[in-house]
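S.K.: A predicted structure for the sequence below; I have some questions about it.
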Amino acid sequence: MSPIRLLAMIGILIVLTGCGGNSDFSDLDAYMNEMRLRAPGKIEPTPTFRSYPTFTYNAANLRSPFSRQVKVDLAGQKHGSRNVKPDPNRVKQYLEGFNIEQFEMVGTISNAAGSFALLRGAGGVHRLKVGDYLGRNDGRIVAISGSQVDVVEIVPDGEGAWLERPRTIPLKEHS
């Protein structure tokens, strides 16, 4: 038998004799008896779970609380005209699929073809001229200056007619 194997067997025998030799648990029994006397003897029941009523968020389609609030003056409200209405046969332009509030004017360009406004929004910067449409309310650009873009939207007046609403998109100074 090799000396390493002999030393390993002697080590195992020493460990086994230490584990099985003395089975006196009197100190452990004394400690447990002391803890039983100190403990109240009764465990509190777990608290009952109170379920709360479910809540469904229904305001996803409403106006964002972070955008400016539109003031409605019912006494001075203009009444629409039956002559003003959006053209249902007109082919919609790409920028009419976005809210007009998300656009900001970042500059102008002029060349031989005319003057163009540069508007940032809808994922990029877009070059627009007078007569182009943007926004979901048939907004048509009517004027472009160095400081703003004037847009006229066609919106329902709530009484079955349509109303032209002017809007301006001011130049953003630090863009």
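M.R.: Noted; the coordinates are in hand. Everything numeric in this text was worked out from a predicted model, so none of it was measured. Numbers count the residues shown, from 1 in each chain.

S.K.: return the helix or strand in this structure with minimum mean pLDDT.
M.R.: helix 3-20 (a mean of 78; mean pLDDT, DSSP states H and E).

S.K.: for it, buried residues please.
M.R.: By neighbour count on 16 or more other CB atoms under 10 Å, the buried set for helix 3-20 is empty. For glycine as for every other residue, the C-beta is placed from the backbone atoms N, C-alpha and C.

S.K.: which other helices and strands contact it?
M.R.: If you count contacts as 3 or more CB pairs under 8 Å, 6 or more residues apart in numbering; DSSP states H and E, helix 3-20 packs onto no helix or strand.

S.K.: which SSE is immediately downstream of that helix?
M.R.: Later in the chain than helix 3-20, the nearest helix or strand by DSSP states H and E is helix 26-38.

S.K.: pLDDT on that next one, on average?
M.R.: The predicted model gives helix 26-38 an average pLDDT of 85.

S.K.: now do that helix: distance to the chain's middle.
M.R.: With CA atoms, centre = their mean, to the nearest Å as the basis, helix 26-38 stands 59 Å off its chain's centre.

S.K.: residues touching residue 130, list them.
M.R.: With contact taken as CB atoms under 8 Å, 6 or more residues apart in numbering, residue 130 is in contact with 114, 115, 141, 142, 143, 144.

S.K.: good, wrapping up.
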